[in-house]
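[1] Model the following, please.
(2 chains)
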Amino acid sequence: MMFFDQILQGIFLGAYYALIACGLSFLFGVMRIINLAHGSIAVLSAFLVLSLAEHFGISPFFALLLAVPVMAAAGFVLQRTILERSLRSGPLTPLLSTFGLAVVLDNSMFQSFGANTRSLAPNIGDLSFAGWSGPGGIEVGQLAVLTLVVAVALLSGLQALLTYTPLGRAIRACAEDPETAELVGIDARHVYAAATAIALVTVAIAGTFLAMRSTFDPYTGPTQLIFAFEAIVIGGTGSLWGTLIGGIVLGVAQNLGSQVSPQGFLIGGHLAFLLVLAARFAFAGRDWRGWFGVRSRAVA
Amino acid sequence: MKGAKDCEGAPAVRRWSPLSIAAIGSLVALLALLAFGPAYLGSYLTDRLTTLFIYVIMASMWNALAGYGGLVSVGQQAFFGLGAYLAIRLSYAGVNVYLALVLAPLIVGLFSLPLSSFALRLRGGEFAIGMWVLAELAHLLVNLDGLVQGETGISLIAISAFAPDARRSYNYWLALGMMTLLVVLGFFLLRSRTGAAIQAIRDNEDAAASVGVRVFATKRLIFVLAAAGCAAAGSLMLSTLVSFQPKTYFSVQWTAYMLFMTLVGGLGTFEGPIVGAVLFFLVETMFADTGVWYLIGLGATALIFSLFVPRGIWGTISDRFGIQLMPVGYRLRFRVPSNAGATP
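    Numbers count the residues shown, from 1 in each chain, chains lettered A, B, ... in the order given. Presented below is the predicted three-dimensional model:
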């Protein structure tokens, strides 16, 4: 039963990872950019929601509504100022520039908000600890269920947006081939800015859930980036629903690892990630001998 | 390239220029002068220069990986930390402390060989963060070692058997020696046939493979060199700081420093990271006590350079004036009319 409980809690944890990962996955799918500032932006939006909630004395959910347009605008600016220029200068530049941005954001947040760990848990009343009891002493937290519901809704929303709306079609066209998309009258620059804005809205939602379900500080971002990235890779790059599965696998692996040792939570997650990668390489029809350094392949 | 030399009226291919001969000459003279550093530099300057040598190693290694190999890694702190950890481990196992500091990077280099089979299958951003995951994992696993006592850490006690002044000189010579070795190694590697292969892979992997470049083996060579080099930097840093706390050594901050030095100096140029390391060293000396603002400044500078000065300070100068101090590339000289151009 203990084992079952750990898996169940892992699934709920995985829902949070899907939330934080979907923006990263979305941007990668559209622009082939891995935004290394992704986690830091999530923490930034957590601070934004926290500040709004405390300043106006409002519920974090209401504060999130206020933060959404701000983060969408930030996404637009991010695309126009940094990503667009990075994309033009070759495949490595987005990594370099977004890593620089992450360093700036993390330390700026430290400068503005200090080193203290913060949380939105006190601002959501009962929700942070209330739950339902099931048979065999299993507890299911209301916030955990809410996270799962929001994650599924957000992924469905993104999927619907991509499938049914004109903007979604334009985004898919640009993801496929921006030059050809421009030939048929799509403004790729505009589409990319819209996609980045959408990605940052999902990051705002993820940041709020991060702040509600746990504590965070200005240097929490990189860890969130790593978790998001692991969820994406485990689930299969470029698939939105795969991200949910990947998040769940990661969450379950971490929870099971935490049963082994105190450090096992993180080690379990990283090992799951590496195992999935190893399996991917093994089944991709690649040359196994390269693994043992027997022979290197002429063509990678 | 070589055949072109024989044709009448074809441009001549040269590697050395009077300027590069003069540059190499002055560099050798400078190194000879530095070798006697502890004799005439005070204790403060000896310590500071030791740190500068470590920075040159870090920047050159990161540049070899990213600037020449096209592999941006956010996880080089894995090797930095492992280098320091292994030095501690060996020293506590009874190995002479300075031997341990030299052996540690070699072992990390060996260890990175099987690791490369895994890591090099990742592309672009996947490689960047994949390396970061490996660094996190290395950090966690080192924490499990009872000797290290988790985040409390441990000190390289054996080194205090040496008197402070002697230790300072030894650290200085070790750092100077390793820096010279690694930079010279990088120089000959890039000048060789492999150097051309490395850059061909960076520019277009598939095209390089199609003309017979052994892509995987070449990338692996660079990966192992960078791993051993970063481990050397870590073990040298341990010799100066003495204490080992996993959190400090496995911090992503080291990669941020490497990125800053390489980007500002000139990504993909041989001289660039050295220029970048000297600049970083000066910036650190002046602004490190401003704490967080200093880190914000480093990040912002790296961001601005990546967007607006992608070739960095040295790359821009080199492109503008056709200067190459370290002759790792080829220079074409057209006989009539006489004008020179450089192909890096």
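[2] residues contacting the residue in the stretch 51-200 of chain B that chain A sits nearest to?
    For the stretch 51-200 of chain B, the residue closest to chain A is B:Gly125, as judged by C-beta to the nearest C-beta, at 2.9 Å. C-beta coordinates here come from the backbone N, C-alpha and C atoms, glycine included. The neighbourhood of B:Gly125, defined by C-beta atoms under 8 Å, 6 or more residues apart in numbering or on different chains, consists of A:Phe28, A:Ile33, A:Ile34, A:Leu36, A:Pro94, A:Leu95.
[3] Looking at these, which are in strands?
    Per DSSP state E, strands hold no members of the contacts of B:Gly125.
[4] Reformat the residues you listed as a markdown table; add neighbour count, distance to chain B and pLDDT.
    Formatted as a markdown table, the contacts of B:Gly125 follow (neighbours: other C-beta atoms under 10 Å in any protein chain shown; distance: C-beta to the nearest C-beta, whole Å; pLDDT from 0 to 100):
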| residue | neighbour count | distance to chain B | pLDDT |
| --- | --- | --- | --- |
| A:Phe28 | 22 | 7 | 87 |
| A:Ile33 | 26 | 7 | 85 |
| A:Ile34 | 24 | 3 | 87 |
| A:Leu36 | 28 | 7 | 91 |
| A:Pro94 | 27 | 8 | 89 |
| A:Leu95 | 25 | 5 | 89 |
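[5] Same list (those) but as JSON lines, adding distance to B:Gly229.
    Below are the contacts of B:Gly125 laid out as JSON lines (distance: C-beta to C-beta, whole Å):
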{"residue": "A:Phe28", "distance to B:Gly229": "30"}
{"residue": "A:Ile33", "distance to B:Gly229": "29"}
{"residue": "A:Ile34", "distance to B:Gly229": "25"}
{"residue": "A:Leu36", "distance to B:Gly229": "23"}
{"residue": "A:Pro94", "distance to B:Gly229": "25"}
{"residue": "A:Leu95", "distance to B:Gly229": "20"}
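[6] among those, which are in helices?
    A:Phe28, A:Pro94, A:Leu95 (DSSP state H).
[7] What helix or strand is A:Pro69 located in?
    helix A:60-78 (DSSP states H and E).
[8] Sort out which residues of the next helix or strand after that helix are buried, please.
    Next helix or strand after helix A:60-78 toward the C-terminus (DSSP H and E): helix A:84-88. Within helix A:84-88, the residues scored as buried using 16 or more other C-beta atoms under 10 Å in any protein chain shown are A:Glu84, A:Arg85, A:Ser86, A:Leu87.
[9] can you list the ones in helices among the contacts of B:Gly125 in a markdown table and add distance to B:Trp293?
    Output for the ones in helices among the contacts of B:Gly125, formatted as a markdown table (distance: C-beta to C-beta, whole Å):
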| residue | distance to B:Trp293 |
| --- | --- |
| A:Phe28 | 32 |
| A:Pro94 | 26 |
| A:Leu95 | 25 |
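[10] which one of the buried residues of helix A:84-88 sits closest to chain B?
    A:Arg85 (5.0 Å).
[11] Would you mind confirming that that closest one is in contact with B:Leu307?
    Yes - with contact defined as C-beta atoms under 8 Å, A:Arg85 and B:Leu307 form a contacting pair (5.0 Å).
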